[in-house]
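In: I would like the atomic coordinates for the input below:
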Amino acid sequence: MSKKLIIILILIAALMIGGASLFGESNQKETKTPEPLAAMVGQPAPEFSLMSYDGNLFNLSQQKGKKVVLFFNEGIMCYPACWNQMAALPELNSDMVVTASIVTDTADEWKQAVAKMPELGKGMILLDTDKQVSRQYDMLTLPSSMHRGSQPGHTYLILDKDGIVRYTFDDAKMGIQNDVLKNELAKLQ
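Out: Here you go, the predicted model:
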């Protein structure tokens, strides 16, 4: 073999190995729990109060005694993935479980969305228009956000009856995660 051919083959092999290692690292990062979320587990959830799109006040502190599922998401712009999860989330509600979607859009935008997809109206849609709660919970910089720094991504928190964060999941794949959430809720007493 000529020296040129050997050099070319070595370069191709090096590029393939380098590409495979980069691809492998990105897959590992995708499945690893982001640090801000991991640090929340076992800690009391920060208190907040938000208005729902239909004018009801939600106080997290008033949910003590119930398990709470919070779904921080990109809201209106995240159609259909977030809308579908938001419509499915109320299936988890019971006397002992409360679910809420936290978005950064306006009430008028959600009233229009509910008119287009009435199933959305069955869930609690909380308006974090100033993004204060999203910032308080470190939701604006997680890997699932397609608008990092300005919008939450697709992130779930489950709180136990005492308001302690017991489960977090940053879902870059944006699927309906009710089965996963049911399993995690079942682990809590």
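In: mind listing the helices for this structure?
Out: 3-31, 35-40, 81-88, 107-116, 132-136, 178-187 (DSSP state H).
In: any weak-confidence spans in this protein?
Out: For the chain, applying pLDDT under 70 flags the ranges 1, 5-6, 8-9, 11, 13-32.
In: In contact with the residue most central in space within the chain, which residues?
Out: With distances taken as CA atoms, centre = their mean, residue 155 lies nearest the centre of the chain, 1.1 Å away. Neighbour list for residue 155: 37, 71-73, 139, 142, 144, 168-171 [criterion: CB atoms under 8 Å, 6 or more residues apart in numbering]. Every C-beta, even on glycine, is put in place using the N, C-alpha and C of the backbone.
In: I'd like the residues you listed as TSV, with distance to residue 80 and neighbour count appended.
Out: Listed next are these as TSV, based on distance: CB to CB, whole Å; neighbours: other CB atoms under 10 Å:
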residue	distance to residue 80	neighbour count
37	25	21
71	15	26
72	18	30
73	12	28
139	21	27
142	21	22
144	16	21
168	24	21
169	20	17
170	20	21
171	15	20
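In: Show me what residue 57 is bridged to.
Out: Note on residue 57: beta-bridge partners residue 51, judged by DSSP bridges.
In: Am I right that it is in contact with residue 124?
Out: No: Residue 57 lies out of contact with residue 124 (CB atoms under 8 Å); the separation is 11.1 Å.
In: Excluding chain neighbours, what is closest to residue 178?
Out: Setting aside the residues directly before and after it, residue 178 is nearest to residue 88 in space (CB to CB, 6 or more residues apart in numbering), at 5.4 Å.
In: Was I right to think the one you found contacts residue 176?
Out: Yes: applying CB under 8 Å as the test, residue 88 and residue 176 come out as touching, 5.0 Å apart.
In: Residue ranges of each domain in this structure, please.
Out: If you go by automatic domain parsing, the domain ranges for the chain are 1-32, 35-187.
In: Packed most tightly, which of the ones you listed would that be?
Out: Greatest average neighbour count among the domains of the chain goes to domain 35-187 (a mean of 17), per mean count of other CB atoms under 10 Å.
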